[in-house]
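S.K.: Take a look and give me a structure for this.
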Amino acid sequence: MTDTKERCLVPFARPYHGGCEGVNLIADRIAWMLNGEGRESNGENCRELEERVRRISGADYAITTNNCTNAMMIMLATCARDKVRLGQLPSFTWPSTLIAMNAQKYPEGIVLHDIDYETWTVKSYPYHSHPAIALAVDTFGNDTNPISEVPLFFDRAHSLGVKFREIGLASALSFSRSKLVTGGEGGMILTNRKAFVQAMVNARDMTCRMDEKQAIEVLVSMGYLPEMLEWKRETYDRYKQAFPMFAFQQGQNWNHQVIGMLLESHEQQDKLIKECTGIEFKAYYEPIHTKFKYKTSLPVTEDISRRIIALPSWYKCDRDYIIRRIKETLEL
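M.R.: Next up, the predicted model:
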């Protein structure tokens, strides 16, 4: 007889809102709002969420948006609109990072950078002959602190729960479904630059307000953030101990949002995805420079993307089962 667990899909990510208690709290707050006691978007729940995340991150100002991509577009358009001709970012990132930068239409285009084997982030963004900015990426929630000779922004889609060492001109967070704390969708801009805040708020109010239902879901889930962060740290250590033959991303100021394991070969990556039935893995990111056919070679990015496997690590997932199935599939 087939084990029931073998037939059940273990998803890559699953949100946590505290079980029945949390779900009931979400329902009560939404019902209160729908009964005419509050706005349906950009209201008091959004203001409460901004204040809570602002304190956690160490930013002076926080601005909710309907998603992280729009947050990045607004922060780039309002803080780096004068005389910027060239953008820099990693090739190892989700395409929305490039979309946000391309929306600014820099005359000299985009320069893509390679990552390193330890942190999976870019170590430095150099000066160019043309005025430029950089959009750094905190890969998988790993708070990067790159050396930069140009004004610096951060794509911090995965990074909730970390007090940032540097905010840059502005940083963007995500609350999409795969994130540690989710509202199904949603984003946020963080900045310490008061001069840009009103322009950002005005742009948000006209184009991409967060739904109050999203804010409510995020706020309830954030009540369990300490437990989820501890679970992520324990899970990272558990996977490293179980697979000493493979490399893992390294970092110091990190929430372990995504736990990536660097396999020995692309064949192992392909085998896990195709043959380890019942478990959903991710093999991201496909490098920007290969996906969109940039004429450049970035060897570390290309190598990591062909060998990485991102493991399910959501709160209370069955880690022992996942470890056992990986070992069976790869015959370890």
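
S.K.: What does the pLDDT read for I30?
M.R.: Looking at I30, its pLDDT stands at 88.

S.K.: What count of nearby residues applies to it?
M.R.: Summarising burial for I30: neighbours were counted as other Cβ atoms under 10 Å, giving 17. Placement of C-beta: from N, CA and C, glycine included.

S.K.: now M33
M.R.: Residues within reach of M33, counting by other Cβ under 10 Å, total 19.

S.K.: Quick check: closest non-adjacent residue to it.
M.R.: Nearest residue to M33, sequence neighbours excluded (Cβ to Cβ, 6 or more residues apart in numbering): E212, at 5.6 Å.

S.K.: any idea how far that neighbour lies from T93?
M.R.: In this structure, E212 and T93 are separated by 30 Å, where distance is defined by Cβ to Cβ, to the nearest Å.

S.K.: And for A100?
M.R.: Note on A100: its distance to T93, by Cβ to Cβ, is 11 Å.

S.K.: who touches both of the two?
M.R.: D155 (Cβ atoms under 8 Å, 6 or more residues apart in numbering).

S.K.: What helix or strand is V23 located in?
M.R.: Using DSSP states H and E, the secondary-structure element containing V23 is helix 19-32.

S.K.: Off-centre distance for that helix?
M.R.: Distance of helix 19-32 from its chain centroid, counting by Cα atoms, centre = their mean, to the nearest Å, is 26 Å.

S.K.: Show me what that helix is packed against.
M.R.: Helix 19-32 sits against helix 212-222, with contacts defined as 3 or more Cβ pairs under 8 Å, 6 or more residues apart in numbering; DSSP states H and E.

S.K.: Now the helix holding V23: buried residues?
M.R.: If you call a residue buried by 16 or more other Cβ atoms under 10 Å, then helix 19-32 has these buried ones: 22, 25-26, 29-30.

S.K.: Now render the residues you listed as TSV, adding distance to P146.
M.R.: Supplementary listing: the buried residues of helix 19-32 in TSV, determined by distance: Cβ to Cβ, whole Å:
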residue	distance to P146
G22	37
L25	40
I26	38
R29	39
I30	41
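
S.K.: Closest one of those to G141?
M.R.: Checking the buried residues of helix 19-32 against G141 by Cβ to Cβ gives G22 as the nearest, at 22.3 Å.

S.K.: Make sure that closest one is actually in contact with E227.
M.R.: No: G22 lies out of contact with E227 (Cβ atoms under 8 Å); the separation is 12.0 Å.
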